[in-house]
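Chemist: Build the 3D model from these lines:
(one chain, ligands or ions: 1)
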Amino acid sequence: MTKAVAADMDWNNLGFKYWDLPYRYQAVYKDGKWQKGGLVEDSNLTLSEAAEDFHYGQEVFEGLKAYRCKDGSVNLFRPEMNAKRMQDSAKRMCMATYPIEDFVAAVKEVVKANQEFIPPYGTGGSLYIRPFMIGTEPMVGVKPSKTYVFRVFATPVGAYIKGLTPMPYFVSEFDRAAYAGTGQAKTAGNYAGSLYPSMKAKGEGYADCLYLDPREHKYIDEFGGANFYGVTKDGQFVTPKSDSILPSVTKKSLLEIAADLGMNPTEKQIKMSDFDQFNEAGAMGTAAVISPVGSLTYKDQKFVPFSETETGPYTKKLYDELTGIQMSERPDKRGWVQKVEL
Ligand SMILES: *Cc1c(COP(=O)(O)O)cnc(C)c1O
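Modeler: Reported below is the predicted structural model:
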């Protein structure tokens with residue numbers, strides 16, 4: 001693949017795609033420990049055809065962003081939470097865990113080394129950072145790998161779904177993750193299984209699927225790559241409590257922001273049949289930020305919580321506060337933001 005050239009980037013129309021930037025970070029686990037890692041230039045990995053991840057899927061990943069602020073400085077948002085979650089995902093997949101401090105340091109190194117690719121302030125873009133880990137040991141018997149590669153690459157992205165445009169969603173008859181399965185781990189297999197329902201929904205004109213709980217298909221779980229929230233008619237922020245969803249950093253942050261905004265937030269089981277209690281609803285995650293649900297189609301019923309074209313006032317407030325903190329434009333009273341030394 002040809003290397004990206006900063007001077008050629010169309011910052012206002014980045015979309016969400018991969019660019020081969022100059023540097024990525026790599027560390028290798030072997031002989032029972034992590035070897036000293038560092039920046040590398042080659043975006044390709046050479047692996048055995050029998051590498052564990054190709055066959056039995058030992059893979060975990062993360063997604064976070066670096067934000068360019070008005071004064072030119074660069075922010076990360078709660079990167080330790082991504083590091084900790086990657087450890088939790090790795091434990092579930094029987095993989096080695098990568099130390100939290102080393103994860104954050106690797107992310108900062110990658111951001112610094114590729115800083116000319118951080119989209120300028122005001123374009124709505126950011127540098128999306130993708131840490132991941134794979135099992136690399138050659139094997140044919142099913143067992144955990146004894147060797148791993150940890151890598152962090154980055155790519156400049158625009159707003160995943162152009163900021164705050166309501167989208168049509170579809171309640172899937174498929175499951176994203178099994179009951180007592182791997183829904184809490186950020187692992188490739190959950191996504192592989194979601195491609196079919198997601199492509200089907202997209203083919204029918206929807207932005208993506210909303211999944212119900214895999215045991216009873218009665219409660220709202222989450223979207224394919226983002227958690228769900230609703231705002232009740234009296235302004236309460238509600239988000240699902242479920243063991244089969246991914247614990248989202250954005251969700252955890254919005255729960256605290258919603259409390260500040262007097263929205264009396266709660267995490268609880270939400271019956272699909274109670275969806276009409278919501279006056280606003282949305283998807284939340286690092287990539288999507290906040291994406292309002294314009295409509296939600298369940299079986300033959302179409303629900304419009306707020307409007308198919310306009311964003312509701314609570315959603316707007318939550319979005320402004322979250323993105324304001326991320327860009328150092330609103331007070332960061334909880335110390336969520338870290339500057340990257342450039
Ligand atoms: C990554 C992810 C999210 C969002 O998590 P954030 O930490 O907010 O980015 C939500 N659901 C799934 C399935 C995910 O993989």
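Chemist: end to end, how far does stretch 71-78 reach?
Modeler: One end of stretch 71-78 sits 20 Å from the other (Cα to Cα, to the nearest Å).
Chemist: ok, residues contacting it?
Modeler: Counting contacts by Cβ atoms under 8 Å, 6 or more residues apart in numbering, the residues outside stretch 71-78 that touch it are 64-69, 104, 107-108, 111, 115, 118, 121, 249, 253, 325-328, 336-340, 342. No exception for glycine: its C-beta is placed from N, CA and C like everyone else's.
Chemist: can you do 7 Å?
Modeler: 64-69, 107, 111, 118, 249, 253, 326-328, 336-340, 342 (Cβ atoms under 7 Å, 6 or more residues apart in numbering).
Chemist: which of those are close to the ligand?
Modeler: Within the set of the contacts of stretch 71-78, contact with the ligand (Cβ under 6 Å from any ligand atom) is found for Val249.
Chemist: need the contact list for Asn227.
Modeler: Under the criterion of Cβ under 7 Å, 6+ apart, the contact partners of Asn227 comprise Thr239, Ile245, Ser248, Lys251, Met284, Gly285.
Chemist: I'd guessed the last one sits against Pro247; true?
Modeler: Translated: Gly285. No: under the contact definition of Cβ atoms under 7 Å, Gly285 does not touch Pro247, with a separation of 11.2 Å.
Chemist: Tell me which of these two has more neighbours.
Modeler: Per other Cβ atoms under 10 Å, whichever of Gly285 and Pro247 has more neighbours is Gly285, with 21 against 15.
Chemist: The more buried one - nearest residue in space that isn't next to it in sequence?
Modeler: Ala226 (3.5 Å; Cβ to Cβ, 6 or more residues apart in numbering).
Chemist: if I pick that neighbour, what's in contact with it?
Modeler: Listed by Cβ under 7 Å, 6+ apart, the contact partners of Ala226 are Ala283, Met284, Gly285, Ala288.
Chemist: so where's this structure uncertain?
Modeler: Where the chain drops to pLDDT under 70, the residues are 160-163.
Chemist: Try it again at 80.
Modeler: When residues are selected by pLDDT under 80, those of the chain lie in 159-163.
Chemist: Next one: the one residue sitting closest to the centre of it from the ligand, what distance?
Modeler: By Cα atoms, centre = their mean, the chain has its centre lying nearest to Thr286, at 4.5 Å. Taking Cβ to the nearest ligand atom, to the nearest Å as the measure, Thr286 and the ligand are separated by 3 Å.
Chemist: Please name the residues that touch that residue.
Modeler: When contacts are counted by Cβ under 7 Å, 6+ apart, Thr286 is found next to Gly63, Leu64, Lys65, Val249, Thr250.
Chemist: Buried residues in the single longest helix found in the chain, which are they?
Modeler: Taking DSSP state H as the criterion, the chain has its longest helix at helix 188-203. Neighbour-count burial for helix 188-203, with 16 or more other Cβ atoms under 10 Å as criterion, is recorded at Ala188, Gly189, Asn190, Gly193, Ser194, Pro197, Ser198, Ala201.
Chemist: how many neighbours does the closest residue in space to Asn190 that isn't next to it in sequence have?
Modeler: Nearest non-adjacent residue to Asn190, counting by Cβ to Cβ, 6+ apart: Ala177, 5.3 Å away. Other residues within reach of Ala177 by the criterion other Cβ under 10 Å amount to 25.
Chemist: if I look at the closest residue to Tyr219 other than its chain neighbours, how far off is Ala226?
Modeler: With Cβ to Cβ, 6+ apart as the criterion, Tyr219 has its nearest non-adjacent residue at 4.3 Å, and that residue is Asp213. When Cβ to Cβ, to the nearest Å is the yardstick, Asp213 and Ala226 sit 17 Å from each other.
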